[in-house]
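In: model the structure of this input:
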Amino acid sequence: MDERKNGEIQFRERKRWLFLALPFTFTVYTVSEDLITVSEGFLNKKENDCYMYKVQDVELLESLAQRIFGLGTVRCYTGDTTSPTLLVRNVKNARAIKNFILDASEKARRRRRTMNMLDIGAEETDTEDGEL
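Out: Numbering: from 1, shown residues only. Got it, this is the predicted structure:
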């Protein structure tokens with residue numbers, strides 16, 4: 001975990017094996033106040049970014065094995081086209097990361113003056129005049 005108050009990066013975690021929580025993978029998650037970055041690969045690198053204001057909801061998942069080894073998975077539901085569901089898998093400090101993403105996404109939406117509009121399945125009703 002790399003926490004800086006005035007700097008940009010708040011969390012930098014490496015994806016871990018579930019067995020003994022060993023960090024022998026080539027996936028690194030970087031969470032800052034404005035951006036979530038997932039870097040994967042050793043020979044062929046892939047980097048995926050999601051702006052914080054696009055995060056709509058965050059969920060914490062902890063299986064029994066993850067709880068034994070102190071790990072968790074954070075699932076972010078986003079409005080991003082490349083990754084509508086962003087997973088931060090098998091990381092330490094998962095609860096702190098989830099809470100940070102929730103707070104930072106709300107602050108980012110306020111800064112950009114954006115608002116989430118959800119379709120809740122309500123149907124439009126006609127008035128007496130036939131207008132909506």
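
In: which residues are in contact with the residue most central in space within the chain?
Out: Taking CA atoms, centre = their mean, the centroid of the chain lies closest to residue 76, which sits 3.7 Å from it. Residue 76 sits next to 36, 50, 55, 57, 58, 59, 85, 86, 87, 88, 101 when contact means CB atoms under 8 Å, 6 or more residues apart in numbering. Backbone N, C-alpha and C define where each C-beta goes, glycine included.

In: quick check: closest non-adjacent residue to the last one.
Out: It stands for residue 101. Take residue 101 and drop its neighbours on the chain: the residue closest to it by CB to CB, 6 or more residues apart in numbering is residue 58, 5.1 Å away.

In: so which strand or helix has that neighbour?
Out: Using DSSP states H and E, residue 58 falls within strand 55-61.

In: so what's the model's average confidence on that strand?
Out: For strand 55-61, the mean pLDDT works out to 95.

In: buried ones in it?
Out: Neighbour counts over strand 55-61 (16 or more other CB atoms under 10 Å) mark 55, 58 as buried.

In: biggest helix in this structure, by residue count?
Out: With DSSP state H setting the assignment, residue counts place helix 94-112 as the longest helix in the chain.

In: and for that helix, what's in contact with it?
Out: Contact with helix 94-112 is made by 1, 10-11, 13, 29, 31, 33-34, 36, 51-56, 58-60, 62, 71-74, 76, 88, 91, 115-116, as judged by CB under 8 Å, 6+ apart.

In: tell me where this structure has helices.
Out: Secondary structure of the chain (DSSP H): helices at 64-69, 94-112.
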